[in-house]
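K.L.:
Sequence first, predicted model second:
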Amino acid sequence: MRAAASPSRMRTGLVVLVVAVGAFTVLGLVALWPRGSAPDLGAQPNEYVDATVRSLEENATCPGIEYSEPTPCTVYDVELTSGPDKGDTIDLSVRMTQVEVPNLDVDDRIVLRDTPASPAGFRYSFYDFQRGTALLWLVAAFVVVVLVFGRFQGVRALAGLGLSLAVLVVFLVPALLRDRPAVAVALVASIAIAYLAIYLAHGVRLASTIALAGTLVSLAFTCALAIGVAWVTHLSGLASQEAQTLRMTADALDLRGLLIAGIVVGALGVIDDLTVSQVSTVMALRRANPSMSARALYSAATKVGRDHVASAVNTLVLAYAGASLPLLLFFTQGNQPAGRLLTGELVAVEIIRMLVGSIGLVLSVPITTRLAAIVLSRSDVPDDDSHDGHVHGDLDALDLLDDDLVDDVPPPRAREPEPHAEPWF
C-alpha cells in the first residue's frame with residue numbers, strides 16, 4: 001500500500017498550488033488589463049434631470065406624437081430640481097399609448113430624459129423614479145447588520161466585498177469592452193475575487209487555503225462546463241435587446257463569451273460559500289474527535305454538505321426563476337408549445353445559467369470535503385482557527401450536527417503514534 005504524504009508535505013503542496021495560481025492570476029490581470037480607448041457604443045444625446053410631481057390632470061387631451069389628432073393623456077405639473085432649468089415648472093404629457101410610463105402620483109420624485117433638440121412640448125420625457133436615497137438607507141442597513149453580527153470578521157467581509165466590486169468595475173467590464181477574450185477575463189476576475197473574498201473574510205490560514213483550493217477547482221469545472229454547453233446548444237448571445245444593440249455598436253465583442261463570463265461570475269458567489277462551509281465542518285469534526293481518519297471525516301462532512309447543497313440549489317434555482325418571472329408570464333400568454341418555449345434562446349439561456357451553476361455548486365462539495373479531509377486528518381487544527389467558517393461549522397459544538405451524523409463518528413480514543421496517517425484513497 002502506498003504511503004501517505006506527511007502533513008508538512010501536504011501543506012507545502014497546497015500552498016505551492018495556491019501561490020502558483022495566484023501568480024498566474026496576476027499575470028493574467030497584467031496581460032488582459034484594459035488599455036486604450038473603449039469602442040464607441042453609440043451617441044448618447046440625452047441628459048437626465050431630477051424632478052418632482054406637483055399636480056396632475058387626468059383625462060386631458062394632448063396632440064398625438066405621430067399624428068396631429070388629439071389623443072387622451074394625463075398632464076403632470078413637474079418641478080425641475082436639477083439641471084440648467086432648476087426651479088422651473090413644466091408640463092409632462094403622458095399619452096395612453098405610452099405604456100412604458102407608470103402611473104405617477106403627487107410628490108413622486110422622478111428622473112426625466114432631457115433632449116434639447118426635440119420640440120418644446122417633447123423635450124422632457126419620463127425616464128425613471130429617483131431611488132438614490134432609499135438605496136443608500138438599504139446599504140447602510142446592510143452594513144450595520146453585517147457589522148453587528150460579524151464584528152471584526154464582518155469588517156473584513158465588507159472589505160472583501162468592496163474589492164470584489166472594484167475588480168468587476170475596474171477590470172472585468174472595461175476589459176470586456178475592449179474586446180479582451182471574455183472567458184479568460186471572467187476566469188481571471190473570478191479567481192482574483194475568490195482570493196480577495198476568502199482571505200480577507202477568513203484570514204490567511206490553512207482552512208482558508210483549503211477552501212480557496214476547492215473553489216478554484218470547482219470554478220474550473222464550472223467554466224469548462226459552461227463553454228461546452230454554450231457550444232453544444234449553439235448559444236449566440238443575441239437573445240436580449242441589449243446584446244443586439246451591442247452587436248451593432250461594438251461588433252467585435254464576443255457575445256457568446258459574455259454569456260459564459262456571466263455564468264462563471266454568477267456561480268462564484270455560491271461556490272465559495274459552500275467551500276468555506278465544508279472546510280469549517282471538517283474542522284469541527286476533527287476538533288471534536290482528533291482520532292477520526294480521513295475516510296470518516298469525509299463521510300460525516302459530506303452528510304452536512306448534502307443538506308447545504310439541497311438548500312443552496314433551491315436558492316439558486318428560485319433566484320434565477322424570480323429574476324425571469326416577468327419573462328415567463330409574458331410567454332405563458334402566448335400559444336407557443338412548451339417545448340419550443342423552453343428551448344428558445346431567450347429562456348434556454350436562463351435554464352443553462354441555472355443548471356451549470358447548480359452543477360458547479362454540487363461538485364464543490366465532494367472536491368472541497370475530500371481535500372479538507374486529507375489535509376486536516378494529517379494536521380493539527382490550531383485553536384486560533386476556531387472563529388473561521390459559518391455557524392453550521394461551529395468548531396466547539398458537535399451537537400449542531402444531526403443525530404445520524406454523530407452516530408457515525410467513532411468515540412474519542414487515545415491516538416497511538418504512527419509513522420504515517422491512515423491512507424483512504
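P.N.:
Sure, I can see it. These figures come from a predicted structure and were not determined experimentally.
K.L.:
can you tell me the helix or strand for the spatially closest residue to residue 193 that is not a sequence neighbour?
P.N.:
With C-beta to C-beta, 6 or more residues apart in numbering as the criterion, residue 193 has its nearest non-adjacent residue at 4.5 Å, and that residue is residue 164. All C-beta spots, glycine's among them, are computed from the backbone N, C-alpha and C. Assigned by DSSP states H and E, residue 164 belongs to helix 132-166.
K.L.:
now that helix, how far from the centre of its chain.
P.N.:
Centre-to-centre, helix 132-166 and its host chain are 16 Å apart (C-alpha atoms, centre = their mean, to the nearest Å).
K.L.:
Tell me which helix or strand comes right after it.
P.N.:
Downstream of helix 132-166, the first helix or strand assigned by DSSP H and E is helix 173-177.
K.L.:
Show me which residues of that following helix are buried.
P.N.:
Using 16 or more other C-beta atoms under 10 Å as the test for burial, helix 173-177 gives 174, 175, 176, 177.
K.L.:
again with stretch 80-88
P.N.:
80, 83.
K.L.:
which SS class is the spatially closest residue to residue 297 that is not a sequence neighbour?
P.N.:
Leaving aside its sequence neighbours, residue 297 sits nearest to residue 373 (C-beta to C-beta, 6+ apart; 4.0 Å). Three-state call for residue 373 (DSSP: H, G, I helix; E, B strand; the rest coil): helix.
K.L.:
Quick test: name the residue nearest the centre of the protein.
P.N.:
Nearest to the mean C-alpha position of the chain, by C-alpha atoms, centre = their mean, lies residue 266 at 3.9 Å.
K.L.:
Helix or strand: which one has that residue?
P.N.:
Short version, using DSSP H and E: residue 266 is in helix 255-288.
K.L.:
Helix or strand next in line after that helix, which one?
P.N.:
The element immediately downstream of helix 255-288 (helix or strand, assigned by DSSP H and E) is helix 294-323.
K.L.:
quick revisit: dump the buried residues of helix 173-177 into CSV; add distance to residue 143 and pLDDT as well.
P.N.:
Converted to CSV, these look like this (distance: C-beta to C-beta, whole Å; pLDDT from 0 to 100):
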residue, distance to residue 143, pLDDT
174, 27, 86
175, 29, 86
176, 29, 82
177, 30, 79
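K.L.:
Tell me which residues are up against the helix or strand where residue 51 lies.
P.N.:
In this structure, residue 51 sits in strand 47-63 according to DSSP H and E. Here strand 47-63 makes contact (C-beta atoms under 8 Å, 6 or more residues apart in numbering) with 70-83, 85-86, 89-90, 92-93, 95, 104-116, 121, 124, 127, 130.
K.L.:
Could I get the buried residue list for it?
P.N.:
For strand 47-63, by 16+ other C-beta under 10 Å, it's 49, 50, 51, 52, 53, 56, 60, 62.
K.L.:
ok, now how distant is the residue lying closest to the first one once chain neighbours are set aside from residue 47?
P.N.:
Of all residues beyond its chain neighbours, the one nearest residue 49 is residue 83 (3.5 Å), with distances taken as C-beta to C-beta, 6+ apart. If you measure residue 83 against residue 47 using C-beta to C-beta, to the nearest Å, the figure is 7 Å.
K.L.:
Now for those two: what residues contact both?
P.N.:
Counting by C-beta under 8 Å, 6+ apart, the common neighbours of residue 83 and residue 47 are residue 114.
K.L.:
how about low-confidence regions in the stretch 101-250 of the chain?
P.N.:
By pLDDT under 70, the weakly predicted segments of the stretch 101-250 of the chain are 120-121, 236-250.
K.L.:
actually the stretch 301-425 of the chain, not the one I wrote
P.N.:
Across the stretch 301-425 of the chain, the ranges flagged by pLDDT under 70 are 316-317, 319-346, 378-425.
K.L.:
can we see that at 50?
P.N.:
Where the stretch 301-425 of the chain drops to pLDDT under 50, the residues are 383-410, 412-425.
K.L.:
So which bits of stretch 98-115 are buried?
P.N.:
Residues of stretch 98-115 classed as buried by neighbour count (16+ other C-beta under 10 Å): 104, 108, 110, 111, 112, 114.
K.L.:
Going by contacts, tell me the helices and strands next to the helix or strand containing residue 349.
P.N.:
Counting by DSSP H and E, the element that carries residue 349 is helix 345-377. Using 3 or more C-beta pairs under 8 Å, 6 or more residues apart in numbering; DSSP states H and E as the contact test, the elements touching helix 345-377 are helix 7-32, helix 206-232, helix 255-288, helix 294-323, helix 325-332, helix 338-343.
K.L.:
Which of the ones you listed sits closest to residue 349?
P.N.:
Residue 349 sits nearest to helix 255-288 of all the helices and strands packed on helix 345-377, at 6.5 Å, using C-beta to C-beta.
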